[in-house]
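> Could you work out the structure for the sequence below:
(chains A and B)
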Amino acid sequence: MKVRILTAIMFFVAVSFISAQSLNWNSIEKANSSQVYLNFGFDFGMTTQLGFALKLKAKKPILLVSDISVPMGNELNDYKFRLGAQMQVLSFKSLKTSIQYMSILRRYETNLVRQIGIGQMLSMTTGIHKEGWSVAFELAYDASVASHLKHTDELRNMYSNIQDAWYRNTGGQWQIGFQASKKIGRIELNIRAGAIDARGEDVDALLPAYAGLGAVVWL
Amino acid sequence: MRNVILSLICISLMSSCGDTYNTSDVGLLVPPTVMEDASLSAIDINGVRLHSEAFGKSSDPLILVIHGGPGADYRSQLNFIDLVTDNYYVAFYDQRGSGLSQRLDAEAYSSVQGYIDELAGVINYYKQDENQQVILAGHSWGAMLATAYINQNPNAVDGMILAEPGGFTWQETEAYISRSRQLKLFDESTNDFVYQDQFITGDDHNTLDYKFALSLAGDVQTGDTSIPSFWRYGAVCSNASIKLTIDNPEQLDFTKDIKLHDQKILFAYSELNEAYGKEHAELLASSLKNVELVEIENCGHEIPEFGWDNFYPIVKAYLNEIL
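The predicted structure is shown next:
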(Lines give C-alpha, C1' and ligand atoms only; values in the text may rest on other atoms or scores of the structure.)
Protein backbone atom coordinates (compact mmCIF):
# COMPACT_ATOMS: atom_id res chain seq x y z
CA MET A 1 0.00 0.00 0.00
CA LYS A 2 2.83 2.33 0.96
CA VAL A 3 4.52 1.66 -2.37
CA ARG A 4 1.28 2.44 -4.21
CA ILE A 5 0.87 5.75 -2.42
CA LEU A 6 4.47 6.69 -3.11
CA THR A 7 4.08 5.72 -6.76
CA ALA A 8 0.97 7.89 -6.99
CA ILE A 9 2.80 10.82 -5.42
CA MET A 10 5.75 10.40 -7.78
CA PHE A 11 3.38 10.25 -10.75
CA PHE A 12 1.56 13.37 -9.61
CA VAL A 13 4.88 15.13 -9.22
CA ALA A 14 5.92 13.97 -12.63
CA VAL A 15 2.90 15.63 -14.22
CA SER A 16 2.93 18.74 -12.11
CA PHE A 17 5.25 21.98 -11.58
CA ILE A 18 8.29 23.44 -9.37
CA SER A 19 10.18 26.27 -7.87
CA ALA A 20 11.26 24.88 -4.55
CA GLN A 21 13.39 26.85 -2.21
CA SER A 22 16.82 25.33 -1.74
CA LEU A 23 16.89 23.21 1.35
CA ASN A 24 19.21 20.82 3.09
CA TRP A 25 16.89 18.34 4.77
CA ASN A 26 19.75 17.15 6.90
CA SER A 27 19.75 20.59 8.55
CA ILE A 28 15.98 20.69 8.85
CA GLU A 29 15.82 17.37 10.65
CA LYS A 30 18.23 18.65 13.28
CA ALA A 31 16.87 22.15 13.65
CA ASN A 32 14.05 23.10 15.96
CA SER A 33 13.43 26.49 14.53
CA SER A 34 12.07 28.29 11.53
CA GLN A 35 13.96 30.00 8.77
CA VAL A 36 13.91 33.03 6.53
CA TYR A 37 15.34 32.93 3.06
CA LEU A 38 16.40 35.45 0.50
CA ASN A 39 16.92 34.57 -3.16
CA PHE A 40 18.07 36.61 -6.09
CA GLY A 41 18.10 35.45 -9.67
CA PHE A 42 16.27 35.03 -12.93
CA ASP A 43 12.71 33.70 -12.72
CA PHE A 44 10.78 35.20 -15.67
CA GLY A 45 12.76 38.36 -15.02
CA MET A 46 15.43 39.38 -12.56
CA THR A 47 13.69 38.89 -9.22
CA THR A 48 14.30 39.18 -5.52
CA GLN A 49 12.46 36.72 -3.29
CA LEU A 50 11.96 36.92 0.47
CA GLY A 51 10.44 33.98 2.29
CA PHE A 52 9.64 32.42 5.64
CA ALA A 53 9.39 28.73 6.51
CA LEU A 54 7.87 27.43 9.72
CA LYS A 55 8.86 23.95 10.85
CA LEU A 56 5.96 21.88 12.17
CA LYS A 57 6.25 19.13 14.72
CA ALA A 58 5.53 15.87 12.92
CA LYS A 59 7.00 12.41 12.35
CA LYS A 60 8.57 13.61 9.15
CA PRO A 61 9.88 17.15 8.79
CA ILE A 62 7.24 19.48 7.36
CA LEU A 63 7.64 23.15 6.55
CA LEU A 64 4.91 25.71 6.03
CA VAL A 65 6.33 28.05 3.44
CA SER A 66 5.41 31.52 2.26
CA ASP A 67 7.34 33.91 0.08
CA ILE A 68 7.01 36.91 -2.16
CA SER A 69 9.15 37.84 -5.12
CA VAL A 70 9.29 41.00 -7.17
CA PRO A 71 11.06 41.67 -10.45
CA MET A 72 13.58 44.46 -10.86
CA GLY A 73 12.30 47.82 -12.00
CA ASN A 74 11.16 51.16 -10.77
CA GLU A 75 7.50 50.25 -10.23
CA LEU A 76 6.20 47.86 -7.57
CA ASN A 77 3.28 46.58 -9.65
CA ASP A 78 4.48 43.07 -10.42
CA TYR A 79 4.88 40.31 -7.86
CA LYS A 80 4.47 36.62 -7.11
CA PHE A 81 3.17 35.50 -3.72
CA ARG A 82 3.29 31.84 -2.76
CA LEU A 83 1.91 29.89 0.17
CA GLY A 84 2.30 26.19 0.69
CA ALA A 85 4.02 23.31 2.37
CA GLN A 86 7.07 21.21 1.86
CA MET A 87 7.67 17.79 3.33
CA GLN A 88 10.14 14.99 3.15
CA VAL A 89 8.63 11.81 1.70
CA LEU A 90 11.61 9.51 1.34
CA SER A 91 14.82 9.14 3.28
CA PHE A 92 17.52 6.55 2.89
CA LYS A 93 20.79 7.48 4.60
CA SER A 94 21.82 10.73 2.92
CA LEU A 95 19.45 10.34 -0.01
CA LYS A 96 16.31 12.34 0.64
CA THR A 97 13.29 13.21 -1.45
CA SER A 98 10.84 15.98 -0.70
CA ILE A 99 7.74 17.37 -2.34
CA GLN A 100 6.36 20.87 -2.21
CA TYR A 101 2.93 22.22 -3.00
CA MET A 102 2.43 25.96 -3.39
CA SER A 103 -0.59 28.10 -4.17
CA ILE A 104 0.45 31.10 -6.21
CA LEU A 105 -0.93 34.59 -6.66
CA ARG A 106 0.75 36.59 -9.43
CA ARG A 107 0.30 40.14 -10.58
CA TYR A 108 1.66 41.91 -13.62
CA GLU A 109 0.90 45.38 -14.93
CA THR A 110 2.05 47.42 -17.89
CA ASN A 111 0.65 50.28 -19.91
CA LEU A 112 -1.40 47.70 -21.84
CA VAL A 113 -2.73 45.17 -19.36
CA ARG A 114 -3.11 44.18 -15.74
CA GLN A 115 -2.97 40.45 -15.18
CA ILE A 116 -3.80 38.64 -11.96
CA GLY A 117 -2.95 34.99 -12.07
CA ILE A 118 -3.85 32.18 -9.72
CA GLY A 119 -1.78 29.09 -9.98
CA GLN A 120 -0.40 26.10 -8.24
CA MET A 121 2.95 24.46 -8.24
CA LEU A 122 4.06 21.00 -7.37
CA SER A 123 7.70 20.16 -7.13
CA MET A 124 9.93 17.28 -6.22
CA THR A 125 13.50 17.50 -5.06
CA THR A 126 15.74 14.50 -4.58
CA GLY A 127 19.41 14.37 -3.76
CA ILE A 128 22.24 13.90 -1.31
CA HIS A 129 21.89 15.85 1.92
CA LYS A 130 25.00 15.72 4.10
CA GLU A 131 26.03 17.63 7.18
CA GLY A 132 26.84 21.09 5.89
CA TRP A 133 26.10 20.59 2.21
CA SER A 134 23.63 19.15 -0.28
CA VAL A 135 23.15 18.60 -3.97
CA ALA A 136 19.80 17.75 -5.47
CA PHE A 137 17.85 17.38 -8.67
CA GLU A 138 14.55 19.24 -8.92
CA LEU A 139 11.51 18.85 -11.11
CA ALA A 140 8.48 21.06 -10.97
CA TYR A 141 5.32 22.04 -12.81
CA ASP A 142 3.79 25.50 -12.46
CA ALA A 143 0.18 25.61 -13.62
CA SER A 144 -1.59 28.91 -14.29
CA VAL A 145 -5.06 27.80 -13.22
CA ALA A 146 -6.74 31.07 -14.15
CA SER A 147 -5.76 34.60 -15.11
CA HIS A 148 -7.81 37.75 -14.97
CA LEU A 149 -6.96 40.11 -17.82
CA LYS A 150 -7.93 43.77 -17.59
CA HIS A 151 -6.87 45.92 -20.49
CA THR A 152 -6.01 49.60 -20.62
CA ASP A 153 -7.52 52.14 -22.98
CA GLU A 154 -4.25 52.11 -24.93
CA LEU A 155 -4.79 48.47 -25.90
CA ARG A 156 -8.57 48.89 -26.19
CA ASN A 157 -7.93 51.58 -28.79
CA MET A 158 -6.33 48.86 -30.89
CA TYR A 159 -9.18 46.39 -30.39
CA SER A 160 -12.35 47.77 -28.86
CA ASN A 161 -13.96 44.32 -28.37
CA ILE A 162 -11.13 42.95 -26.27
CA GLN A 163 -12.60 41.11 -23.28
CA ASP A 164 -11.68 41.84 -19.67
CA ALA A 165 -12.41 38.54 -17.96
CA TRP A 166 -11.12 35.47 -16.19
CA TYR A 167 -9.41 33.06 -18.55
CA ARG A 168 -8.97 29.48 -17.41
CA ASN A 169 -6.02 27.15 -17.62
CA THR A 170 -3.89 29.87 -19.19
CA GLY A 171 -0.52 28.24 -18.98
CA GLY A 172 1.89 25.71 -17.65
CA GLN A 173 5.64 25.46 -17.35
CA TRP A 174 7.93 22.58 -16.50
CA GLN A 175 11.13 23.32 -14.66
CA ILE A 176 13.99 20.88 -14.46
CA GLY A 177 17.27 21.65 -12.81
CA PHE A 178 19.54 21.26 -9.85
CA GLN A 179 20.22 22.92 -6.55
CA ALA A 180 23.16 22.82 -4.20
CA SER A 181 23.79 24.27 -0.77
CA LYS A 182 26.63 24.88 1.65
CA LYS A 183 26.08 25.72 5.29
CA ILE A 184 28.31 28.30 6.95
CA GLY A 185 27.38 28.81 10.60
CA ARG A 186 23.67 29.59 10.79
CA ILE A 187 23.52 30.56 7.15
CA GLU A 188 23.00 28.14 4.31
CA LEU A 189 24.07 29.48 0.93
CA ASN A 190 22.52 27.90 -2.13
CA ILE A 191 22.47 27.98 -5.86
CA ARG A 192 19.77 26.83 -8.29
CA ALA A 193 19.62 26.66 -12.06
CA GLY A 194 17.66 24.87 -14.71
CA ALA A 195 15.59 24.94 -17.85
CA ILE A 196 11.95 25.84 -18.40
CA ASP A 197 9.77 24.06 -20.90
CA ALA A 198 6.22 25.16 -21.69
CA ARG A 199 3.54 22.47 -21.42
CA GLY A 200 2.79 20.28 -24.41
CA GLU A 201 3.30 22.03 -27.73
CA ASP A 202 3.07 25.50 -26.20
CA VAL A 203 5.71 27.97 -27.30
CA ASP A 204 8.50 28.34 -24.75
CA ALA A 205 9.15 31.49 -22.79
CA LEU A 206 11.40 34.09 -24.39
CA LEU A 207 14.15 33.21 -21.90
CA PRO A 208 13.35 29.60 -20.92
CA ALA A 209 15.66 29.19 -17.96
CA TYR A 210 15.93 30.00 -14.30
CA ALA A 211 18.89 30.57 -12.04
CA GLY A 212 19.43 32.02 -8.62
CA LEU A 213 21.59 32.50 -5.59
CA GLY A 214 20.14 32.44 -2.13
CA ALA A 215 20.69 32.36 1.58
CA VAL A 216 18.71 30.60 4.29
CA VAL A 217 19.04 31.82 7.86
CA TRP A 218 17.92 29.67 10.78
CA LEU A 219 16.16 31.75 13.39
CA MET B 1 -1.80 19.43 8.77
CA ARG B 2 -4.23 17.74 6.39
CA ASN B 3 -6.68 20.63 6.83
CA VAL B 4 -4.00 23.18 6.04
CA ILE B 5 -3.08 21.45 2.81
CA LEU B 6 -6.74 21.07 1.81
CA SER B 7 -7.30 24.78 2.44
CA LEU B 8 -4.37 25.68 0.22
CA ILE B 9 -5.69 23.48 -2.57
CA CYS B 10 -9.14 25.10 -2.24
CA ILE B 11 -7.65 28.57 -2.69
CA SER B 12 -6.32 27.51 -6.06
CA LEU B 13 -9.45 25.68 -7.15
CA MET B 14 -11.63 28.72 -6.37
CA SER B 15 -10.23 30.39 -9.41
CA SER B 16 -11.88 27.89 -11.70
CA CYS B 17 -15.37 28.93 -10.58
CA GLY B 18 -17.60 31.39 -12.47
CA ASP B 19 -17.58 32.50 -16.12
CA THR B 20 -14.20 31.97 -17.66
CA TYR B 21 -12.92 31.88 -21.20
CA ASN B 22 -10.02 30.39 -23.10
CA THR B 23 -7.32 32.65 -24.51
CA SER B 24 -7.60 30.64 -27.73
CA ASP B 25 -11.27 31.61 -28.28
CA VAL B 26 -11.83 33.62 -31.48
CA GLY B 27 -12.42 37.34 -31.07
CA LEU B 28 -11.90 37.69 -27.32
CA LEU B 29 -8.34 39.00 -27.13
CA VAL B 30 -7.45 39.67 -30.75
CA PRO B 31 -9.73 40.53 -33.70
CA PRO B 32 -10.80 37.78 -36.10
CA THR B 33 -8.89 37.44 -39.36
CA VAL B 34 -10.33 37.37 -42.87
CA MET B 35 -10.81 33.62 -42.39
CA GLU B 36 -13.28 34.16 -39.55
CA ASP B 37 -14.83 37.51 -40.51
CA ALA B 38 -16.25 37.59 -44.03
CA SER B 39 -17.02 41.32 -43.75
CA LEU B 40 -13.31 42.20 -43.95
CA SER B 41 -11.93 43.30 -47.30
CA ALA B 42 -9.75 40.51 -48.68
CA ILE B 43 -7.88 39.32 -51.76
CA ASP B 44 -6.51 35.85 -52.57
CA ILE B 45 -2.85 35.81 -53.55
CA ASN B 46 -0.87 32.62 -54.20
CA GLY B 47 -3.43 30.55 -52.31
CA VAL B 48 -3.44 32.76 -49.21
CA ARG B 49 -6.28 35.11 -48.22
CA LEU B 50 -4.90 38.55 -47.43
CA HIS B 51 -6.57 41.46 -45.69
CA SER B 52 -6.29 44.23 -48.25
CA GLU B 53 -8.03 47.35 -49.48
CA ALA B 54 -7.43 50.22 -51.87
CA PHE B 55 -8.54 53.84 -51.96
CA GLY B 56 -8.87 56.33 -54.80
CA LYS B 57 -9.39 56.05 -58.52
CA SER B 58 -8.01 52.76 -59.81
CA SER B 59 -6.66 54.39 -62.98
CA ASP B 60 -4.43 56.82 -61.02
CA PRO B 61 -0.77 55.98 -60.34
CA LEU B 62 -0.68 53.09 -57.88
CA ILE B 63 1.05 53.46 -54.53
CA LEU B 64 1.34 50.10 -52.83
CA VAL B 65 2.08 50.42 -49.12
CA ILE B 66 4.11 47.64 -47.48
CA HIS B 67 4.04 47.39 -43.69
CA GLY B 68 6.84 46.41 -41.33
CA GLY B 69 7.49 43.43 -39.13
CA PRO B 70 7.50 40.74 -40.29
CA GLY B 71 4.35 40.34 -38.25
CA ALA B 72 2.97 43.89 -38.06
CA ASP B 73 0.08 45.25 -40.16
CA TYR B 74 -0.88 48.24 -42.27
CA ARG B 75 -2.96 50.10 -39.69
CA SER B 76 0.01 52.30 -38.80
CA GLN B 77 0.47 53.14 -42.50
CA LEU B 78 -3.02 54.48 -43.13
CA ASN B 79 -1.84 58.11 -43.34
CA PHE B 80 -0.83 57.28 -46.91
CA ILE B 81 -4.56 57.57 -47.72
CA ASP B 82 -3.95 61.34 -47.79
CA LEU B 83 -2.32 60.79 -51.19
CA VAL B 84 -5.72 59.90 -52.65
CA THR B 85 -6.54 63.63 -52.69
CA ASP B 86 -3.37 64.12 -54.75
CA ASN B 87 -4.75 61.73 -57.36
CA TYR B 88 -3.03 58.52 -56.40
CA TYR B 89 -4.55 55.07 -56.07
CA VAL B 90 -3.36 53.85 -52.67
CA ALA B 91 -3.44 50.14 -51.82
CA PHE B 92 -2.61 48.32 -48.58
CA TYR B 93 -2.29 44.67 -47.64
CA ASP B 94 -1.43 42.68 -44.56
CA GLN B 95 1.28 40.18 -45.40
CA ARG B 96 0.62 36.46 -44.91
CA GLY B 97 0.30 35.58 -41.24
CA SER B 98 0.17 39.25 -40.23
CA GLY B 99 -2.54 41.70 -39.27
CA LEU B 100 -5.93 40.36 -40.29
CA SER B 101 -4.61 38.08 -43.03
CA GLN B 102 -4.81 34.30 -42.99
CA ARG B 103 -2.64 32.49 -40.46
CA LEU B 104 -0.36 29.71 -41.65
CA ASP B 105 2.01 27.22 -40.05
CA ALA B 106 5.59 28.33 -39.41
CA GLU B 107 6.86 26.50 -42.52
CA ALA B 108 4.95 28.97 -44.72
CA TYR B 109 7.43 31.68 -43.74
CA SER B 110 10.46 29.60 -44.59
CA SER B 111 11.75 31.85 -47.37
CA VAL B 112 12.03 35.54 -48.18
CA GLN B 113 11.05 34.53 -51.70
CA GLY B 114 7.55 33.72 -50.44
CA TYR B 115 7.10 37.34 -49.37
CA ILE B 116 8.55 38.62 -52.66
CA ASP B 117 6.20 36.42 -54.71
CA GLU B 118 3.29 37.58 -52.59
CA LEU B 119 4.22 41.24 -53.20
CA ALA B 120 4.41 40.55 -56.94
CA GLY B 121 0.95 39.01 -56.75
CA VAL B 122 -0.50 42.03 -54.94
CA ILE B 123 1.02 44.42 -57.50
CA ASN B 124 -0.53 42.37 -60.31
CA TYR B 125 -3.88 42.37 -58.51
CA TYR B 126 -4.09 46.15 -58.21
CA LYS B 127 -2.26 47.21 -61.37
CA GLN B 128 -4.94 47.94 -63.94
CA ASP B 129 -2.78 47.88 -67.08
CA GLU B 130 0.83 47.80 -68.20
CA ASN B 131 1.08 51.58 -68.52
CA GLN B 132 -0.06 52.34 -64.99
CA GLN B 133 2.76 53.77 -62.92
CA VAL B 134 3.60 51.90 -59.71
CA ILE B 135 5.36 53.20 -56.60
CA LEU B 136 6.24 51.02 -53.63
CA ALA B 137 6.13 52.63 -50.17
CA GLY B 138 7.70 50.44 -47.51
CA HIS B 139 8.30 50.94 -43.83
CA SER B 140 11.00 49.08 -41.85
CA TRP B 141 10.77 45.42 -42.92
CA GLY B 142 8.35 46.57 -45.62
CA ALA B 143 11.09 48.80 -47.03
CA MET B 144 13.45 45.83 -47.00
CA LEU B 145 10.86 43.73 -48.83
CA ALA B 146 10.33 46.45 -51.42
CA THR B 147 14.10 46.53 -51.97
CA ALA B 148 14.20 42.73 -52.25
CA TYR B 149 11.51 42.89 -54.93
CA ILE B 150 13.34 45.60 -56.89
CA ASN B 151 16.60 43.67 -56.57
CA GLN B 152 14.91 40.89 -58.56
CA ASN B 153 12.81 43.16 -60.79
CA PRO B 154 14.85 46.38 -61.25
CA ASN B 155 12.54 47.90 -63.83
CA ALA B 156 9.21 46.77 -62.45
CA VAL B 157 8.26 49.98 -60.66
CA ASP B 158 8.55 53.71 -61.24
CA GLY B 159 9.55 54.82 -57.78
CA MET B 160 10.18 53.69 -54.25
CA ILE B 161 9.71 55.30 -50.84
CA LEU B 162 11.75 53.64 -48.10
CA ALA B 163 11.24 54.56 -44.45
CA GLU B 164 13.99 53.18 -42.22
CA PRO B 165 14.64 49.77 -43.74
CA GLY B 166 16.54 47.70 -41.17
CA GLY B 167 19.17 46.66 -43.69
CA PHE B 168 19.70 45.29 -47.16
CA THR B 169 21.99 42.54 -45.87
CA TRP B 170 21.78 40.44 -42.71
CA GLN B 171 24.91 42.11 -41.37
CA GLU B 172 23.31 45.56 -41.63
CA THR B 173 20.02 44.33 -40.22
CA GLU B 174 21.61 42.54 -37.30
CA ALA B 175 23.59 45.64 -36.39
CA TYR B 176 20.41 47.73 -36.32
CA ILE B 177 18.41 45.16 -34.34
CA SER B 178 21.14 44.84 -31.73
CA ARG B 179 21.06 48.61 -31.21
CA SER B 180 17.28 48.92 -31.13
CA ARG B 181 16.33 45.95 -28.97
CA GLN B 182 18.75 45.70 -26.11
CA LEU B 183 17.64 43.48 -23.23
CA LYS B 184 18.63 45.17 -19.99
CA LEU B 185 18.02 42.56 -17.30
CA PHE B 186 17.67 45.04 -14.43
CA ASP B 187 15.30 47.33 -16.28
CA GLU B 188 11.52 47.60 -15.71
CA SER B 189 10.72 47.44 -19.40
CA THR B 190 12.78 44.31 -19.98
CA ASN B 191 11.15 42.57 -17.05
CA ASP B 192 7.74 43.65 -18.36
CA PHE B 193 8.77 41.97 -21.59
CA VAL B 194 9.61 38.57 -20.04
CA TYR B 195 7.51 38.44 -16.83
CA GLN B 196 4.22 37.79 -18.66
CA ASP B 197 5.48 34.42 -19.91
CA GLN B 198 4.54 32.79 -16.60
CA PHE B 199 0.87 33.83 -16.90
CA ILE B 200 -0.03 32.63 -20.37
CA THR B 201 1.40 29.95 -22.64
CA GLY B 202 -0.11 28.68 -25.85
CA ASP B 203 0.38 27.13 -29.24
CA ASP B 204 -2.56 28.70 -31.10
CA HIS B 205 -2.50 31.90 -33.15
CA ASN B 206 -5.06 33.74 -30.99
CA THR B 207 -3.06 33.28 -27.80
CA LEU B 208 0.33 33.87 -29.37
CA ASP B 209 -0.75 36.99 -31.26
CA TYR B 210 -2.23 38.41 -28.05
CA LYS B 211 0.99 37.75 -26.14
CA PHE B 212 2.97 39.36 -28.94
CA ALA B 213 0.87 42.52 -28.64
CA LEU B 214 1.46 42.64 -24.89
CA SER B 215 5.20 42.49 -25.48
CA LEU B 216 4.95 45.95 -27.05
CA ALA B 217 4.84 47.27 -23.49
CA GLY B 218 8.54 46.55 -23.34
CA ASP B 219 10.35 49.73 -24.28
CA VAL B 220 12.35 49.66 -27.50
CA GLN B 221 15.02 52.17 -28.29
CA THR B 222 13.56 53.53 -31.52
CA GLY B 223 12.60 57.05 -30.49
CA ASP B 224 8.84 56.60 -30.38
CA THR B 225 6.88 57.69 -27.31
CA SER B 226 3.88 55.41 -27.85
CA ILE B 227 3.15 52.14 -29.56
CA PRO B 228 2.21 52.23 -33.24
CA SER B 229 -1.36 51.48 -34.26
CA PHE B 230 -2.09 47.86 -35.12
CA TRP B 231 -4.93 45.45 -35.59
CA ARG B 232 -3.21 42.22 -34.75
CA TYR B 233 0.37 41.06 -34.74
CA GLY B 234 1.40 37.77 -36.26
CA ALA B 235 3.52 35.99 -33.68
CA VAL B 236 4.20 32.77 -35.59
CA CYS B 237 5.01 34.72 -38.73
CA SER B 238 7.35 37.05 -36.88
CA ASN B 239 9.21 34.37 -34.95
CA ALA B 240 9.50 32.00 -37.92
CA SER B 241 10.75 34.75 -40.21
CA ILE B 242 13.40 35.87 -37.74
CA LYS B 243 14.49 32.26 -37.19
CA LEU B 244 14.66 31.77 -40.95
CA THR B 245 16.93 34.76 -41.31
CA ILE B 246 19.22 33.75 -38.48
CA ASP B 247 19.45 30.19 -39.83
CA ASN B 248 19.92 31.32 -43.44
CA PRO B 249 21.47 34.80 -43.38
CA GLU B 250 22.45 34.50 -47.04
CA GLN B 251 18.74 34.84 -47.95
CA LEU B 252 18.85 38.38 -46.70
CA ASP B 253 21.01 40.10 -49.28
CA PHE B 254 19.11 42.45 -51.53
CA THR B 255 22.10 44.32 -52.93
CA LYS B 256 23.19 42.14 -55.85
CA ASP B 257 21.23 43.88 -58.63
CA ILE B 258 19.65 46.78 -56.78
CA LYS B 259 21.81 49.30 -58.62
CA LEU B 260 20.16 48.25 -61.88
CA HIS B 261 17.16 50.22 -60.68
CA ASP B 262 17.99 53.74 -61.80
CA GLN B 263 14.79 55.55 -60.83
CA LYS B 264 15.18 57.95 -57.94
CA ILE B 265 14.44 56.43 -54.52
CA LEU B 266 13.23 58.44 -51.52
CA PHE B 267 14.99 57.16 -48.38
CA ALA B 268 13.72 58.56 -45.07
CA TYR B 269 15.17 58.15 -41.59
CA SER B 270 13.94 59.68 -38.37
CA GLU B 271 15.50 62.32 -36.18
CA LEU B 272 14.76 60.58 -32.87
CA ASN B 273 15.62 56.95 -33.55
CA GLU B 274 19.13 56.90 -32.13
CA ALA B 275 19.52 53.21 -32.98
CA TYR B 276 19.21 54.16 -36.66
CA GLY B 277 20.69 57.58 -37.35
CA LYS B 278 22.26 59.24 -40.33
CA GLU B 279 25.26 56.94 -40.33
CA HIS B 280 23.17 53.77 -40.77
CA ALA B 281 21.00 55.49 -43.37
CA GLU B 282 24.05 56.53 -45.37
CA LEU B 283 25.47 53.00 -45.15
CA LEU B 284 22.30 51.52 -46.65
CA ALA B 285 21.86 54.31 -49.18
CA SER B 286 25.34 53.57 -50.54
CA SER B 287 23.90 50.37 -52.06
CA LEU B 288 21.41 52.36 -54.12
CA LYS B 289 22.17 54.07 -57.42
CA ASN B 290 19.91 57.10 -57.32
CA VAL B 291 18.70 58.10 -53.87
CA GLU B 292 17.43 61.14 -52.00
CA LEU B 293 18.22 60.80 -48.31
CA VAL B 294 16.03 62.82 -45.94
CA GLU B 295 15.75 63.13 -42.18
CA ILE B 296 12.20 63.35 -40.82
CA GLU B 297 12.13 65.66 -37.82
CA ASN B 298 10.37 65.12 -34.49
CA CYS B 299 9.63 61.43 -34.82
CA GLY B 300 11.12 58.02 -34.23
CA HIS B 301 11.00 54.82 -36.25
CA GLU B 302 7.24 55.01 -36.89
CA ILE B 303 7.64 57.70 -39.55
CA PRO B 304 4.43 57.00 -41.53
CA GLU B 305 2.31 57.33 -38.38
CA PHE B 306 3.98 59.72 -35.94
CA GLY B 307 6.07 61.66 -38.43
CA TRP B 308 3.44 62.02 -41.13
CA ASP B 309 3.02 65.80 -40.87
CA ASN B 310 6.66 66.26 -41.82
CA PHE B 311 6.89 63.21 -44.08
CA TYR B 312 3.84 63.91 -46.23
CA PRO B 313 5.13 67.10 -47.95
CA ILE B 314 8.41 65.35 -48.74
CA VAL B 315 6.60 62.32 -50.19
CA LYS B 316 4.36 64.59 -52.22
CA ALA B 317 7.30 66.58 -53.61
CA TYR B 318 9.12 63.35 -54.47
CA LEU B 319 6.12 61.92 -56.32
CA ASN B 320 5.64 65.17 -58.24
CA GLU B 321 9.29 65.02 -59.27
CA ILE B 322 9.42 61.42 -60.53
CA LEU B 323 6.01 61.03 -62.17
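
> Any residue of stretch B:198-214 touching chain A?
Yes - under the criterion of Cβ under 8 Å from any Cβ of the partner chain, stretch B:198-214 makes contact with chain A via B:198-203, B:208, B:213-214. Backbone N, C-alpha and C define where each C-beta goes, glycine included.

> repeat for stretch B:230-242
Yes - contact of stretch B:230-242 with chain A (Cβ under 8 Å from any Cβ) involves B:230-232, B:235, B:239.

> Narrow those to those in helices?
B:235, B:239 (DSSP state H).

> Which of the residues of stretch B:230-242 next to chain A sits closest to chain A?
Checking the residues of stretch B:230-242 next to chain A against chain A with Cβ to the nearest Cβ, the nearest one is residue B:230 at 5.8 Å.

> near chain A, which residues of the stretch 201-323 of chain B?
B:201-203, B:208, B:213-214, B:216-217, B:226-227, B:229-232, B:235, B:239.

> picking that back up, and the residues of stretch B:198-214 next to chain A, which of them are buried?
Buried by 16 or more other Cβ atoms under 10 Å in any protein chain shown: B:198-202, B:208, B:213-214, out of the residues of stretch B:198-214 next to chain A.

> gap between stretch B:95-113 and the chain center?
Remark: stretch B:95-113 is offset 12 Å from the chain centroid, using Cα atoms, centre = their mean, to the nearest Å.

> Endpoint to endpoint, that stretch covers what distance?
End-to-end distance for stretch B:95-113: 13 Å, by Cα to Cα, to the nearest Å.

> In that stretch, which residues are buried?
Quick answer for stretch B:95-113 (16+ other Cβ under 10 Å): B:95-104, B:108-110, B:112.

> try stretch B:252-260
B:252-255, B:258.

> In three-state terms, how would the residue in chain A that chain B sits nearest to be classified?
Nearest to chain B, among the residues of chain A, is residue A:73, at 3.0 Å (Cβ to the nearest Cβ). Of the three states, residue A:73 takes coil under DSSP: H, G, I helix; E, B strand; the rest coil.

> Confidence-wise, which helix or strand of chain A is lowest on average?
Scoring the helices and strands of chain A by mean pLDDT, DSSP states H and E places helix A:2-14 at the bottom, with a mean of 41.

> Check the spacing between residue A:35 and residue A:66 real quick.
12 Å (Cβ to Cβ, to the nearest Å).

> hey, what's in contact with both of those two?
When Cβ atoms under 8 Å, 6 or more residues apart in numbering or on different chains defines a contact, the residues bordering residue A:35 and residue A:66 alike are A:52-53.

> Reformat the buried residues of stretch B:252-260 as CSV; add distance to residue A:124.
Formatted as CSV, these follow (distance: Cβ to Cβ, whole Å):
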residue, distance to residue A:124
B:252, 46
B:253, 50
B:254, 52
B:255, 55
B:258, 58
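
> Out of those residues, which comes closest to chain A?
residue B:252 (22.4 Å).

> For the closest one, which non-adjacent residue is closest in space?
Counting by Cβ to Cβ, 6 or more residues apart in numbering or on different chains, residue B:170 is the residue found nearest to residue B:252 once chain neighbours are left out, at 4.2 Å.
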